[in-house]
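What follows is a predicted protein model with its sequence.
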Amino acid sequence: MSLTKESTPDQVSAWLKHKNLDDATIKALRDQDIAGKNFIKLTRARLLSPPYSFKDAVVDDILDAIEEITGTSSQAPGAAGVGGGQVPKRYFDDIFVAEYEGRLKKVKFDGPIVTLPASPSSLSTDRTRFDFKDNQVKIVKRAITDRLMNFITDKYGKHRGVYVQGPQGVGKSHSLFQIASALKQNIGNRVLYISDCRGWLGSSNPFQFFLECLDNAFQYAGDNFVRDHSRRNSFEQDSLLRLLDDVARHCTDKNLRAFFFFDQHNGLSDNDRKLAPFSIVEGYLVVSIMWIKQLVIVSGSANNRYFLKVAKDSNWPVFQFTDGYTDDEFKQWQAIEKKFATLTPDDIELVKDLTNFIP
C-alpha cells in the first residue's frame, strides 16, 4: 500500500492504519478531511496545536510517516535557499568564541561594576544594544538587576516562561545580559541568549543563527550534545524541533537547567513570530511537554503595539522593569562614563531630573 499527494482522506486513513498508528490519531486526522497533499504538509508545530494537540510521541510517528513519503522533513518558512549541499555561513568564529568563553569565566559579579565580554550573538548581527570597547562592556550592577535575577531563578521549575516588560531605554537589556552571563557560571545550567530578536530576524540564515546560539549554550559548559547531534546542520522546522526534543531529554536525563533568553522580542512582527524558526518561542518551547521543566525568558518594550499573547493566556509572571538608578548607582555610572566624572552635585541632580533617573 502506498500514499501519494493525490490520495483521498479515506486512503490516508487506511495507509496510517497499515502503519499501525492508533485509531484515535487516525480519527482525529480523518475528522479534518486530511488528504494526501495536505498530510505531507503537516508540521510538528501544527500537530502539537489544536485541533490535534497530539502528544510528542504521536507527532514523531506521524512525521516519520511523512518522511517515508517525501524522503525528507517538510520545508519550513524561512529555510528557502538553505541546503542542497550549500555550506552555511558561520556566525560565531571559533577563535572569538574561545576568547569570549575565556573572558567570561574570569568575570567577577560581586562588585559595583561588572565588565562583560561581548557575547557571540550580540556581535553577529547588524544591531547591538551595547557600547563595546575591545569586545567588552562595563555595566553598573543595579539593585533591580539583583531583583530580576531572583525573580527568574525563583520561577524556574514553576512556570514555562516569564515576561520582562518596561519602557525603552530603562536598562532591561543590560540587566538581562548580566543575568544570562552570571547563570552561565553554574556548570549545571545551559543558557541560550539571543540579545536582539530583530537582529536574529535580519540574519541571512535564522536557523543557523539559532543553532549556533544553542550550540554555544552547551559548549560553554563543555557539553558537546548539540554539536555532535545528527540534526545540528539541518535547517528545517521539523528537524529543528526534533533536535530540541532531544535537547530537552538530555537536560532531563542529566538534571540540567535550561534558561532561554529572547531579548528585544518586540522586534519581531506578529507575522514574523508565526514563521520558523522564530515561532519556536511561542509555538514550541512553552507548550511542548518536553520543555515543561525549563524556563523561557522573553523581554519586550511596553511603549509600542507589541503584545505577547502566550504570556497573558498562560498567566506568565511579569517583571515590570521601571526603576531608575539609585544615588550609588549614579556614582558608578559616572565612574564608567569618565566624561561625566567632573559633574557637580547640581549637575547630577539635573541629569536625574532630565532622564528620570536613567542616564
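Looks like it came in fine.

where exactly do the strands run in the stretch 251-359 of the chain?
Chain-ordered strands for the stretch 251-359 of the chain, with DSSP state E, counting those that start in this stretch as the definition, fall at 257-262, 295-301, 318-320.

Now tabulate the ones you listed in a markdown table and tack on mean neighbour count.
All C-beta spots, glycine's among them, are computed from the backbone N, C-alpha and C. Shown next, in a markdown table, are the strands of the stretch 251-359 of the chain (neighbours: other C-beta atoms under 10 Å):
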| stretch | mean neighbour count |
| --- | --- |
| strand 257-262 | 23 |
| strand 295-301 | 23 |
| strand 318-320 | 15 |
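
would you turn these into JSON lines with mean pLDDT?
Converted to JSON lines, the strands of the stretch 251-359 of the chain look like this (pLDDT from 0 to 100):
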{"stretch": "strand 257-262", "mean pLDDT": "98"}
{"stretch": "strand 295-301", "mean pLDDT": "92"}
{"stretch": "strand 318-320", "mean pLDDT": "93"}
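
Identify the residues contacting stretch 28-38?
Defining contact as C-beta atoms under 8 Å, 6 or more residues apart in numbering, one finds that stretch 28-38 is touched by 3-13, 16, 39, 42, 51-52, 54.

Now that stretch - C-alpha only, CSV.
C-alpha atoms of stretch 28-38 as CSV (Å, rounded to 0.1, in the frame of the first residue of the first chain):
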residue,chain,number,x,y,z
ALA,A,28,-8.5,13.0,14.5
LEU,A,29,-6.8,13.3,11.1
ARG,A,30,-9.8,11.9,9.3
ASP,A,31,-12.2,14.4,11.0
GLN,A,32,-10.2,17.2,9.4
ASP,A,33,-10.5,15.6,5.9
ILE,A,34,-6.7,15.4,5.6
ALA,A,35,-5.9,14.3,2.0
GLY,A,36,-2.5,13.2,0.7
LYS,A,37,-1.5,16.7,-0.5
ASN,A,38,-2.3,18.2,3.0
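
and this protein, what are its domains?
9-70, 94-320 (automatic domain parsing).

Those domains: lowest mean pLDDT?
The weakest mean pLDDT among these belongs to domain 9-70, with a mean of 77.

Now, of the contacts of stretch 28-38, which are buried?
In those, burial by neighbour count holds for 3, 7, 9, 11-13, 16, 39, 42, 52, 54, counting by 16 or more other C-beta atoms under 10 Å.

Adding distance to H229 and secondary structure, write those out as JSON lines.
Listed next are the buried ones among the contacts of stretch 28-38 as JSON lines, based on distance: C-beta to C-beta, whole Å; DSSP: H, G, I helix; E, B strand; the rest coil:
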{"residue": "L3", "distance to H229": "29", "secondary structure": "coil"}
{"residue": "S7", "distance to H229": "33", "secondary structure": "coil"}
{"residue": "P9", "distance to H229": "36", "secondary structure": "helix"}
{"residue": "Q11", "distance to H229": "35", "secondary structure": "helix"}
{"residue": "V12", "distance to H229": "31", "secondary structure": "helix"}
{"residue": "S13", "distance to H229": "34", "secondary structure": "helix"}
{"residue": "L16", "distance to H229": "29", "secondary structure": "helix"}
{"residue": "F39", "distance to H229": "27", "secondary structure": "helix"}
{"residue": "L42", "distance to H229": "23", "secondary structure": "coil"}
{"residue": "Y52", "distance to H229": "27", "secondary structure": "coil"}
{"residue": "F54", "distance to H229": "24", "secondary structure": "coil"}
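
Quick check: of those, which lies closest to D110?
Nearest to D110 among those is F54, at 47.9 Å by C-beta to C-beta.

was I right about the closest one contacting A24?
No. Contact criterion C-beta atoms under 8 Å: F54 and A24 do not qualify, at 9.4 Å.

Would you state the strands of the stretch 1-150 of the chain in chain order?
Ranges of strands within the stretch 1-150 of the chain are 113-117, 136-140, based on DSSP E, counting those that start in this stretch.
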